[in-house]
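Novice: All I have is the shape, not the residue letters:
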């Protein structure tokens, strides 16, 4: 029988390699930004429903997208050039996250984007580490996505659309941004048909963890991605955790 670890107050995780094939590694703890950052840096993420214990996962296989291999369709590029939609970064992170939480998804009852989860990612956004891509039509938000950035990796969390193809527009804009800033990996976490259509493919967990380790050795583009003041910074996890703790205590 596979062992599931019970977390305590310490922001420590067992190796992601010890997760089950389905990905379950640990239960418990909290969603303090320091714990969340440490989890993602180790290839682990929270996924659970409101009212349930927090569950931490590292599935095998893992869905990823390599930005330089992404090939948007001609119709998508044409739509992006049409002038119908405006794409912005980090203008309304909270609304993108809320829209993702309220989007109905096939086979899902409720949302895993819980209140505590939203609070944690809001703090990470304010720290310049979590980002949103937004698609507007006539100044109305019609689609978008959000996730966490560390090193050369973007950990994609969720996306939504209120009009056809607007989540695809957001994804293509993210890829363009990542290529411009020499970022090399999108972690899409779990396999879905939508992500496969966007160029996602599954790799062994061991391959993913090695790719992740190398990609996290580079500086992180911190700050608001919609402004020119975003800058690459080598993140010392312990120090940035202490900064978040100090600012929010």
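Specialist: Ah, there it is. Owing to the predicted nature of the structure, the values given are computational and were not obtained by experimental measurement.

Novice: Sheet-wise, list the partners of the longest strand seen in the chain with their directions.
Specialist: When the chain is parsed with DSSP state E, its longest strand is strand 140-150. Its sheet considered, strand 140-150 pairs with strand 130-137 (antiparallel), strand 153-161 (antiparallel) by DSSP bridges.

Novice: Buried residues in it, which are they?
Specialist: Within strand 140-150, the residues that count as buried by 16 or more other Cβ atoms under 10 Å are 141-150. Every C-beta, even on glycine, is put in place using the N, C-alpha and C of the backbone.

Novice: Residues contacting the longest helix along the chain, please?
Specialist: Longest helix of the chain, by residue count under DSSP state H: helix 166-180. Helix 166-180 is contacted from outside by 65, 67-68, 70, 72, 76-77, 79-80, 85, 87, 89, 133-135, 137, 142-145, 154, 159-161, 183-184, 186, 194, 198, 225, using Cβ atoms under 8 Å, 6 or more residues apart in numbering.

Novice: which among those end up buried?
Specialist: The buried subset of the contacts of helix 166-180 (16+ other Cβ under 10 Å) comprises 65, 67, 70, 72, 76, 79-80, 85, 87, 89, 133-135, 142-145, 154, 159-161, 183-184, 186, 198, 225.

Novice: could the strands paired with strand 140-150 be laid out in JSON lines, adding mean pLDDT and distance to residue 21?
Specialist: Shown next, in JSON lines, are the strands paired with strand 140-150 (pLDDT from 0 to 100; distance: least, Cβ to Cβ, whole Å):
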{"stretch": "strand 130-137", "mean pLDDT": "98", "distance to residue 21": "29"}
{"stretch": "strand 153-161", "mean pLDDT": "96", "distance to residue 21": "21"}
